[in-house]
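>>> next one to model:
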Amino acid sequence: MRLDILTKQEHTDIVSAVAWSPDGQLLSSSDDKVICRWGADGESQGKIPISVFVTGIAWFPSTGKQAPDTFAMSCSDGTFRFVSRSGREEKKVAAHSGAVILIRWSHDGAAILTAGEDGDIKIWSKSGNLRSTLVSTGQSVYCSCWGPDDDQVLIGNGKTLMIKTVQANRKNLQWNAHDGIVLCVDWNVANGLIVSGGEDCCYKVWDAFGRQLYSSRPMEHVITSIGWSPNGESFAVGSYNIVRLCDKAGWTHCRQRLQSGSVLNLAWTSDGTQFACAGGNGSVVFAQVVDRRFEWKNTEVTLIESRKIRVQDVANEAIEDLEFSRDRVVEIGLGFDYLVVTTTTQCFIYGLQNLNTPIIFEIRAPPHFMHICRRHFLTLDQISGIQIVSFEGRVLSTPKFQGLRPEYLTRDLVSLSADTLVVVDSVDAKNIQILDASSGRAIGKLNHSAAEVTAVHLNQHSLGPQERILAFVDRNRDLYVASLHTGGGGAAQGGALNIPTFKLHAHVDSFIFNDETNVLVGLADGCLKYWYQPEVALVDKDLLSLTTSSVDAAEYGRSAQILAYTGNRISVRKVDGSILFTNTSPDVPLLYELARAGRWDEATRLCRHQKSSTLWGTLASMALAKKQLDSAETALAELNEVAKVEYIQYIKAIPSEEGKQAELALYRRQPDEAERILLQASPPLAYRAIKLNLNLFRWQRALDLAVKHKIHIDTVLAYRQKYLQSFEREETNQKFLQYFKQVNFHWDDIVQNEQREIEDESQRSRGGGGGRK
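Numbers count the residues shown, from 1 in each chain. Predicted coordinates for the structure are as follows:
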């Protein structure tokens, strides 16, 4: 990325503050006692004369459909004032003794924060009434801002940073931040990270607990301004005659020389496409973020100007430019043979095979980010929230759930597949909301009690319509996997689904699914790890190690991030911003392709040719998932899994198809699903369902089935008695005691009845009718 710079000179003195309105108008204030209005394109739209020196401007936040028409400005005479869009002063409030250095609206618009030369931090109501003096530092406060939830305030106090809670009786936090006075701070709502700059000429990135994540090398001059983009993906840093655009990890996208003097203040537009800078020499600088690049297979898309993108097919060297004359480009999505471009008011959907006839429709607000999957795509904006749109331009659903707050969501906290949407809960990050992608209906939520979830990914490939895998990382950097169709245990209290999860690895820096297979790749412990069938961990842990491989990743360094995994190529960004590529073996994708086409014999021949235990393990788990017993038996035999081969042979010997399916469900650790299969057979295989529960020691359920179907009550009682005798225990269950008194049983009769059931099942499977008499 780089910045397209436009410098305007309308003021005759220092520009002290700039602020964007939610609808895209810029205000700049100067010591010439004039506030200038600017359009998003940098054209002057008029001036407002004022009678005081303005030190800061803050627009009332947009909390509804209507754009606000009021802003607040802090003044050097110790007051702050409410001013209408037309320039009329609505109210003046005496706030501090000495100049009011800064003013900030809370994110919900319910309160105002001011800081002054007198060292006081004060909180006011939105009408200008004093609520409290949060802290008195005894020295001038040059920077402060609200926390993401508006219940904390970040304060630069000399060389330290302090997080002060608004509510009393809560613990505050303070730490040494810079070697010089802290001059500027910002706290992002979406990612929860803090950036700060100071007189030591360094800028630093912190988490919400004061832990340093990044520290820059000293720049030439003091850091005078800093600010996050709304989506939390990047931030801008201003100094003397220079501005930097940095990634959230801290490394620099680009550095641009200016002729503005010190950048005293900067402000981002609500869509994150550009920011404005207040120059010490009276200039106002407009910085448009351009040269954003997106790749998918052989296609590369580049935003070369604010209203122009270039699409290049590197395979045939075809280049085509797409221009958008009406509005500037805000967001670009590329994948699955589609290109989706959103401007400030419209959305364009292109098929990569034909870029001449896009589908165009109006949008209510520009999106913060976009996700594309095989069937549709997702956008998230401040007004509509989450929207799932088909590639024909039709809005399929607008998923909602209690506590959804779009401004708190980042790209990593949302994942979309062809049939499922998962969103990390904004209120409680330990909950993952699971929704149906087509209808937006809430399916339930997965509760991860260990720690807050920081990233989620859904697989894009599935061998069947019910096979959807979720991988997620929590705050401890532990990687977990869950199969979303295995929640057969029903919903627990509070709507949480009983979905089993499995911890794949610890200390994972980054992870992602392949776009065509279920292969999961992650960076952990200096290695690039591959899980070719991660869901097998929930079925048979013994096969997990046989479907996992690892290669050394020392060349990527610490804290590298996986950007994409398309086809056989993985893109990895190092901590310094450089991108490295690595290719994977084509064997596993080919195996998936053969399995998808049902060509199991060819898949077996591929494994025999490559003589890879990893391929055999992957084939075994895929065959078991698709109930291909012959291929599973062959693969397990090659892996010397004798016990599993014998179990597969036992399943193959079961006469009825329903009995085989039930045993496979039991192998996948889904006993309720296995019982359901048996009872829904025609006629129901009640004996097998009873025996299944007996083998699982689910005595009460076995007795309930026997009583309901009026068969094999004696069998249940006999096995129960044998079990108790083996442990020298007495019966205490009242229902069993009742039937022990009513039913007589003999083992010879039980064995004969079991043999008769097997014969009847075998006869029915051959189409010979029969049944229990």
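>>> centre of the chain versus the longest helix along the chain, how much separation?
Ranked by number of residues, the top helix in the chain under DSSP state H is helix 747-765. On the basis of CA atoms, centre = their mean, to the nearest Å, helix 747-765 sits 53 Å off its chain's mean C-alpha point.
>>> so what does that helix touch, helix or strand wise?
Here helix 747-765 touches helix 686-695, helix 713-726, going by 3 or more CB pairs under 8 Å, 6 or more residues apart in numbering; DSSP states H and E. To be clear about C-beta, it is placed using only N, CA and C from the backbone, and glycine gets the same treatment.
>>> please identify the deepest-packed of those helices.
The highest mean neighbour count among the helices and strands packed on helix 747-765, using mean count of other CB atoms under 10 Å, belongs to helix 686-695: a mean of 22.
>>> not counting its neighbours along the chain, what's nearest K8?
Nearest non-adjacent residue to K8, counting by CB to CB, 6 or more residues apart in numbering: V284, 4.9 Å away.
>>> would you mark the buried spots in stretch 47-57?
Within stretch 47-57, the residues that qualify as buried by neighbour count (16 or more other CB atoms under 10 Å) are 48, 50, 52-57.
>>> how far does it stretch from one end to the other?
In stretch 47-57, first residue to last residue: 15 Å (CA to CA, to the nearest Å).
>>> who's in contact with whichever strand or helix holds K204?
Per DSSP states H and E, K204 falls inside strand 203-206. Outside of strand 203-206, the residues within contact range by CB atoms under 8 Å, 6 or more residues apart in numbering are 161, 177-178, 193-197, 212-216, 219, 223, 226, 237, 246, 248-250.
>>> before we move on, the earlier item: so of the buried residues of stretch 47-57, which ones are in strands?
Among the buried residues of stretch 47-57, DSSP state E puts 48, 54-57 in strands.
>>> what does stretch 552-560 contact?
Residues from elsewhere that reach stretch 552-560 (CB under 8 Å, 6+ apart): 249, 509-510, 523, 526-528, 572-576, 580.
>>> what's the PyMOL syntax to select whichever of those residues are buried?
In PyMOL syntax, the buried subset of the contacts of stretch 552-560 is picked out as below (16+ other CB under 10 Å):
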select buried, resi 249+509+510+523+526+527+528+572+573+574+575
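>>> where in the stretch 101-250 of the chain is pLDDT low?
Residues of the stretch 101-250 of the chain meeting the criterion pLDDT under 70: 169.
>>> redo that, cut-off 80
The stretch 101-250 of the chain contains residues with pLDDT under 80 at 167-170.
>>> before we move on, the earlier item: nearest to D23 among the buried residues of stretch 47-57?
Minimum distance to D23 across those is 15.4 Å, recorded for I57 (CB to CB).
>>> which secondary structure element contains the residue lying closest to that closest one once chain neighbours are set aside?
Closest residue in space to I57, ignoring its immediate chain neighbours: A19 at 4.0 Å, by CB to CB, 6+ apart. Using DSSP H and E, the element containing A19 is strand 15-20.
>>> give me the contacts around that strand.
26-31, 53-59, 71, 73, 264-270, 276-280, 282-284.
>>> how about stretch 692-705?
Stretch 692-705 is contacted from outside by 662, 666, 671, 674-675, 678, 686, 689-690, 713, 715-716, 719-720, 723, 733, 735-736, 739, using CB under 8 Å, 6+ apart.
>>> and with 7 Å instead?
Residues outside stretch 692-705 that contact it (CB atoms under 7 Å, 6 or more residues apart in numbering) are 662, 666, 671, 674-675, 678, 686, 689-690, 716, 719-720, 735-736.
>>> now do stretch 524-543
Contact with stretch 524-543 is made by 469, 471, 481, 483, 486, 500, 502, 504-505, 507-509, 518-522, 544, 547-554, 588, 614, 617-618, 620-622, 667-669, as judged by CB under 7 Å, 6+ apart.
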